[in-house]
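Engineer: following is a predicted model, sequence given first.
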Amino acid sequence: MYQFNYVRPTSLADAQALLAKADDPKLLAGGQTLIPTLKQRLAMPSDVIDIGSLKELAFIRAEGNAIMIGAGTRHYDVAGNADVKKHNPALAYLAGMIGDPAVRHMGTLGGSIANNDPAADYPAACIALDAKIHTTKRLIEADEYFKGMFETALQPDEIIREVTFPHPEKAAYEKFRNPASRYAMVGVFVSKGPWGVRVAVTGAGQNGVFRVKAMEEALAKNWSPDSVASIKVPSTDLLSDLHGSADYRAHLITVMAKRAVAAS
Amino acid sequence: MTVVSMTVNGKPAKADVEARTLLVNFIREELGLTGTHVGCDTSQCGACVILVDGRAVKSCAMLVGQAEGADIVTVEGLAKNGELHPVQKAFREHHGLQCGFCTPGMMMTAVDLIRRKPQLDEQTVREELEGNLCRCTGYHNIVKAILAASEDMR
Ligand SMILES: Cc1cc2nc3c(=O)[nH]c(=O)nc-3n(C[C@H](O)[C@H](O)[C@H](O)COP(=O)(O)OP(=O)(O)OC[C@H]3O[C@@H](n4cnc5c(N)ncnc54)[C@H](O)[C@@H]3O)c2cc1C
Ligand code: FES
Ligand code: FES
């Protein structure tokens, strides 16, 4: 490992102060993305600020018509939480499909959406469920938060505190996994709620997660797998790599959307 | 350098190290517990899985500083008083290994799995092993061994 300072503040306020002070700092939560990145020297921060053990970031609360999840909550704890399973089973299912058991034991919600990998699962849930992202500075609507591949609205000295997920009336997530990495080749999250109907796609877009308006309109008229069966997303802006071509991903989007509606 | 202290296989472990050292390197090089293996540099193979506060984690994706105060179990901590752990016995009995490189990670994942899900079936075991790669066995006997161990431990 190359040279960097490791610090483990004991409160969010301390973490925020350290973040503002350091030269080129990086927050560390579960480390499931950051540590492999550090090992490959794809990131070389001066200071690594470990917020992974802060109790004030690890919680799940059901209040009113929403569930609040602390940014430091592990995927495993979201997947098994009774309130999440009751009010938002699609979200619990999604968390339980991330990576493998060891990754789920460490990886966090905040780390996942701060990283915004184009193949990550949580971004699809945030967009489809009209989530609110609370940081140490402000509240950001999910629609305003994801800016592109590995790009978010977060400022360098901003820490995600929690994400509010309003309860959906109907929701489901279907993911076609890359068999080697377990990330989404294509993942489609469909939902119906106070926000209307949403269809969010991850794993496929060159600019990260995106919505499929044509599918949303069709499902708003008739919530059935047939409504999306003939809607094809153009492959122009889709990812093409050794795992699959853009055309293949376009095909998978329709298939996963159909399956998700059927499962909802 | 920072002094880190934790419990490893029931015994206190304390050392003056760089907090940015990977936990797996600390375990292997500082503590001399070489049962925990490193099979990749992308955190995808599972050879380095250990238990941290009871949960299976990849020790190659954790810094030693993050383990300050933690309770750690490595494969060396499974056998008690010269008696193999039921998971170890089952791997031997059912030929759950060939070269043995993946075995420590497989067994630690299995111990964690049996704790979380005492009632196992074949499908569940196969799904739960998705983060542990084996290049030799084809997994079949590993799955058999884990099912047998979970029966044995019930
Ligand atoms: C083998 C493997 C398979 C995986 N499979 C999947 C998969 O199928 N689907 C999937 O979605 N993900 C997958 N992941 C990634 C995993 O979900 C990570 O846990 C997640 O992307 C990052 O979370 P973390 O807590 O580990 O963050 P870290 O690695 O600690 O940090 C990641 C980034 O987020 C920043 N950050 C962390 N917390 C905050 C915060 N509160 N506020 C602001 N910034 C913050 C950090 O500075 C860093 O830049 C996989 C990882 C591995 C190793
Ligand atoms: S060494 Fe491969 S996952 Fe840790
Ligand atoms: S026994 Fe050789 S890698 Fe699994």
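Structural biologist: Noted; the coordinates are in hand. Ligands and ions are numbered 1, 2, ... in the order given.
Engineer: the closest residue to ligand 3 within the stretch 151-264 of chain A and B:Cys40, how far apart?
Structural biologist: Taking CB to the nearest ligand atom, ligand 3 has its nearest neighbour within the stretch 151-264 of chain A at A:Ala180, 15.9 Å off. C-betas here are computed from N, CA, C, even on glycine. As for A:Ala180, its distance to B:Cys40 is 11 Å (criterion: CB to CB, to the nearest Å).
Engineer: would you mind telling me which of those two has the busier surroundings?
Structural biologist: Comparing A:Ala180 with B:Cys40 by other CB atoms under 10 Å in any protein chain shown, the one with more neighbours is B:Cys40, at 15 against 10.
Engineer: how near is the more buried one to ligand 3?
Structural biologist: Distance, B:Cys40 to ligand 3, using CB to the nearest ligand atom, to the nearest Å: 12 Å.
Engineer: please apply the same query to A:Leu54.
Structural biologist: 37 Å.
Engineer: burial check on that residue, number of neighbours?
Structural biologist: Counted with other CB under 10 Å, residues neighbouring A:Leu54 total 20.
Engineer: quick check: bridge partners of A:Thr135?
Structural biologist: A:Thr135 has these beta-bridge partners by DSSP bridges: A:Ile160.
Engineer: isn't it right next to A:Ile160, touching?
Structural biologist: Yes: taking contacts as CB atoms under 8 Å, A:Thr135 lies within contact range of A:Ile160: 5.3 Å.
Engineer: any idea whether A:Val163 is helix, strand or coil?
Structural biologist: Following DSSP: H, G, I helix; E, B strand; the rest coil, A:Val163 is assigned to strand.
Engineer: state the number of residues packed around it.
Structural biologist: Residues near A:Val163, counting by other CB under 10 Å: 26.
Engineer: how confident was the prediction at it?
Structural biologist: With respect to pLDDT, A:Val163 scores 98.
Engineer: residues in contact with it?
Structural biologist: Counting by CB atoms under 8 Å, 6 or more residues apart in numbering or on different chains, A:Val163 makes contact with A:68-69, A:71, A:109-110, A:113, A:126, A:131-134.
Engineer: give the closest residue to the residue nearest to the spatial centre of chain B in space, chain neighbours not counted.
Structural biologist: Geometric centre of chain B, nearest residue: B:Met108, 3.0 Å, by CA atoms, centre = their mean. Distances taken as CB to CB, 6 or more residues apart in numbering or on different chains place B:Val49 nearest to B:Met108, at 4.5 Å, with adjacent residues excluded.
Engineer: the one you found bridge partners, please.
Structural biologist: B:Lys58.
Engineer: circling back: joint contacts of A:Thr135 and A:Ile160?
Structural biologist: With CB under 8 Å, 6+ apart, A:Thr135 and A:Ile160 have common neighbours A:Leu154.
Engineer: pretty sure B:Pro104 sits against B:Gly39.
Structural biologist: No: B:Pro104 lies out of contact with B:Gly39 (CB under 8 Å); the separation is 10.2 Å.
Engineer: what touches both of the two?
Structural biologist: Residues touching both B:Pro104 and B:Gly39 (CB under 8 Å, 6+ apart): B:Ala47.
Engineer: more neighbours: those two, which one.
Structural biologist: The residue with more neighbours, out of B:Pro104 and B:Gly39, is B:Pro104; 24 against 18, by other CB under 10 Å.
Engineer: need the contact list for the more buried one.
Structural biologist: Applying CB under 8 Å, 6+ apart, the residues near B:Pro104 are B:35-37, B:47, B:49, B:74-75.
Engineer: any idea what sits nearest the residue in the stretch 151-264 of chain A that ligand 2 sits nearest to, other than its immediate chain neighbours?
Structural biologist: Proximity of the stretch 151-264 of chain A to ligand 2 (CB to the nearest ligand atom) peaks at A:Ser181, 12.1 Å away. Computed as CB to CB, 6+ apart, the closest residue to A:Ser181 that is not its neighbour in sequence is B:Gln44, at 6.8 Å.
Engineer: wasn't the one you found part of a helix?
Structural biologist: No: assessed by three-state DSSP, B:Gln44 does not belong to a helix; its assignment is coil.
Engineer: surely it and A:Tyr183 touch.
Structural biologist: No: look at B:Gln44 against A:Tyr183 with CB under 8 Å: they stay out of range, at 10.7 Å.
Engineer: if I pick residue 148, what's in contact with it?
Structural biologist: No chain was given, so I picked chain A. By CB under 8 Å, 6+ apart, A:Gly148 lies in contact with A:207-208.
Engineer: chain B is the one I meant
Structural biologist: B:90, B:93-94.
Engineer: the residue lying closest to B:Glu130 once chain neighbours are set aside: how many residues sit nearby?
Structural biologist: Of all residues not flanking B:Glu130 in the chain, A:Asp100 sits nearest, at 4.7 Å (CB to CB, 6+ apart). Using other CB under 10 Å, A:Asp100 has 21 other residues around it.
Engineer: what parts of chain A come near chain B?
Structural biologist: Residues of chain A lying close to chain B by CB under 8 Å from any CB of the partner chain are A:1, A:3-6, A:8, A:28, A:31-32, A:35-36, A:39-40, A:48, A:50, A:52-53, A:76, A:99-103, A:105-106, A:180-182.
Engineer: chain B: helices as residue ranges?
Structural biologist: B:23-25, B:86-93, B:103-116, B:122-128, B:140-153 (DSSP state H).
Engineer: as CSV, those with mean pLDDT would be great.
Structural biologist: Formatted as CSV, these follow (pLDDT from 0 to 100):
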stretch, mean pLDDT
helix B:23-25, 98
helix B:86-93, 98
helix B:103-116, 98
helix B:122-128, 97
helix B:140-153, 97
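Engineer: my guess is the residue nearest to the centre of chain B contacts B:Glu76. True?
Structural biologist: No: using CB under 8 Å, B:Met108 makes no contact with B:Glu76, being 10.7 Å away.
Engineer: which strand runs longest in chain A?
Structural biologist: Longest strand in chain A, counting residues (DSSP state E): strand A:184-193.
Engineer: check which helix or strand A:Ala15 maps to.
Structural biologist: helix A:12-21 (DSSP states H and E).
Engineer: which outside residues touch that helix?
Structural biologist: The contact list for helix A:12-21 (CB under 8 Å, 6+ apart) reads A:7, A:9, A:25, A:27, A:47, A:49, A:51, A:54, A:56-57, A:136, A:156-157, A:159, A:161.
Engineer: appreciated, that's everything.
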